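In: here is my input, please return the structure:
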Amino acid sequence: MNKTNLKANCTQHIDVAVIGGGPAGIAAAFSARREGAEAVVVFERDWEAGGILQQCIHPGFGLHAFGEELTGPEYAHRYLARAKDAGVEFSLNTMVFHMEPGRADEPVRFRTMNPEHGVRTVEAKSLVLAMGCRERPAGALGIPGARPAGVYTAGTAQRFVNMEGFMPGKQCVIMGTGDIGLIMARRMMLEGAKVEAVFEIMPWVSGLRRNIAQCLDDFGIPYYLEHSVCRLHGRERLEGVSVVRIGKDRKPIPGTERFIGCDTLLLAVGLIPENELSRMAGIEIHSVTGGPAVNDLLQTSRGNIFAAGNVVVVYDLVDFVSLEGERAGKNAARLAMGTFVPPARRLAVETDERIRVISPQYLTGAEDTTIYLRVAEPVEGRCRIFAEPGLFTQTLRYARPGEMNEITISASKLCALPADVTAVKIGLEVLS
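Out: Down below sits the predicted model:
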């Protein structure tokens, strides 16, 4: 492979650029090299590749991708070894801070900053966006009170405990039932802290049910639905929180407030796709997911930019993230090499009111397509997911927002649709 030019004050020309060295980015780069692209470079702002997997020392990864249960670092190492063996280059400790808007017939241009090489311009024939997602911080919640020490996002606390060897506190309350928060409830208990309770504003759990069982029930940690933290107490250090019951109108019920003493509050209240660069590049952003709108080839509205993983939509399993990364990398490589066949069709994916999140948002019929979706509210009984007109139907025992559902639509069925069909509708019907 021809090594890319890294001399100072020059433009770096490459075939496929990947922004983000997490599971989606590593898989995309590996797939691009396997497909035949020559110069494939991953740009990662951290000192090491692996993304969030570096701090996820618990098992539960790899059952789909490798057929065995791995920890997060083990899973990342497997894919990193594949990528490095394939000849992927990694530009670590490198921040991409500017994307130039442009057309699909122009190279993608962006600028990077690195302590060793300074500021550089990169020009790529195709690009894969794989920046992942970030946690919703305390400032976005507007909880009344001072700004005492001891309030962390669950992911920050996870990095402190698992990578830095630092315990954020001894007496903890967790707000939100996101999976990282549930896992950190168990982790804090295992490290000797006391977890008073977990509070969820919605009438249902937002994480996987298995994490409720393994991380809360097994450790005797109580959790309360339709409750929220309404005030922080303490000035220099958190001394406690007030929690309140939430009514059906999603507003606090007066007179239900109670105080819980604690020195630490962990927030697990949702993840947001990391898309400042996507917006800067001028690509279409989906109004519900907050990520790039993509077709089934993971191609964005700017044809030579692809996107995969949690930057598109937040997945529940990293195995799915890697699979989508591989698809994006394969198609990005084909475009860079001139073998990519532009899709001849663009069918919009529409949903009914029971479906909240869906990806991809457009279908081309170029290949069999897996559509990932989340329901808006739990259905604790038999239901049917369908894709019309006459593309797919499946009966489920239940459907929950915390668990992603998948449906597969064959390319042959899509190609057989009449030319006047411009949209596919995905919906959910309650059967009992």
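In: in the stretch 251-400 of the chain, where is pLDDT below threshold?
Out: Flagging of the stretch 251-400 of the chain using pLDDT under 70 yields an empty set of residue ranges.
In: my guess is Ala344 contacts Thr364, does it?
Out: Yes - judged on Cβ atoms under 8 Å, Ala344 makes contact with Thr364 at a distance of 7.3 Å. Using the backbone N, CA and C atoms, a C-beta is placed for each residue, glycine as well.
In: out of the two, which sits in the busier spot?
Out: Thr364 (21 against 9; other Cβ atoms under 10 Å).
In: within the helices and strands, which one has the spatially closest residue to the more buried one that is not a sequence neighbour?
Out: Leaving out its chain neighbours, the residue that sits closest to Thr364 by Cβ to Cβ, 6 or more residues apart in numbering is Pro343, at 3.5 Å. Pro343 is part of no helix or strand when elements are defined by DSSP states H and E.
In: now do the shared contacts for Ala344 and Thr364.
Out: Residues touching both Ala344 and Thr364 by Cβ atoms under 8 Å, 6 or more residues apart in numbering: none at all.
In: any idea where the strands of the stretch 151-300 of the chain begin and end?
Out: 151-153, 171-175, 194-200, 223-225, 227-233, 240-245, 258-261, 264-267, 271-273 (DSSP state E, counting those that start in this stretch).
In: ok, and what's touching the fifth one?
Out: I take that to be strand 227-233. Contacts of strand 227-233 (Cβ under 8 Å, 6+ apart): 143-146, 148, 151, 173, 175, 199-201, 238-246, 252, 257, 259, 265.
In: so what strands line up beside that strand?
Out: strand 240-245 (antiparallel) (DSSP bridges).
In: over to the fourth one?
Out: Strand 223-225 has the following strand partners under DSSP bridges: strand 194-200 (parallel).
In: could you export the partner strand as PDB, CA atoms only?
Out: Extracted in PDB, the C-alpha atoms of strand 194-200 (Å, rounded to 0.1, in the frame of the first residue of the first chain):
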ATOM      1  CA  LYS A 194     -23.900   2.400  47.900                       C
ATOM      2  CA  VAL A 195     -26.400   3.000  45.100                       C
ATOM      3  CA  GLU A 196     -29.500   4.400  46.800                       C
ATOM      4  CA  ALA A 197     -31.900   4.100  43.800                       C
ATOM      5  CA  VAL A 198     -32.400   4.600  40.100                       C
ATOM      6  CA  PHE A 199     -35.100   7.000  38.900                       C
ATOM      7  CA  GLU A 200     -36.700   7.100  35.400                       C
END
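In: pLDDT of stretch 47-58, averaged?
Out: On average, the pLDDT along stretch 47-58 is 95.
In: about what we covered before: list the residues that contact the residue nearest to Thr364.
Out: Asn295, Leu297, Gln299, Thr364, Gly365, Ala366.
In: so the closest residue to the fifth one other than its chain neighbours: helix, strand or coil?
Out: Spatial nearest neighbour of Gly365, chain neighbours left out: Leu414 (3.6 Å); criterion: Cβ to Cβ, 6+ apart. Classification of Leu414 into helix, strand or coil gives helix, according to DSSP: H, G, I helix; E, B strand; the rest coil.
In: max pairwise distance over the contacts of Pro343: which two?
Out: Gln299 and Gly365 (13.5 Å; Cβ to Cβ).
In: neighbour count: those two, which is higher?
Out: Gln299 (28 against 21).
In: excluding sequence neighbours, find me the nearest residue to that one.
Out: Phe306 (5.6 Å).
In: next: Ala146.
Out: That would be Arg235: by Cβ to Cβ, 6+ apart, it lies 4.8 Å from Ala146.
In: this completes my enquiry, with thanks.
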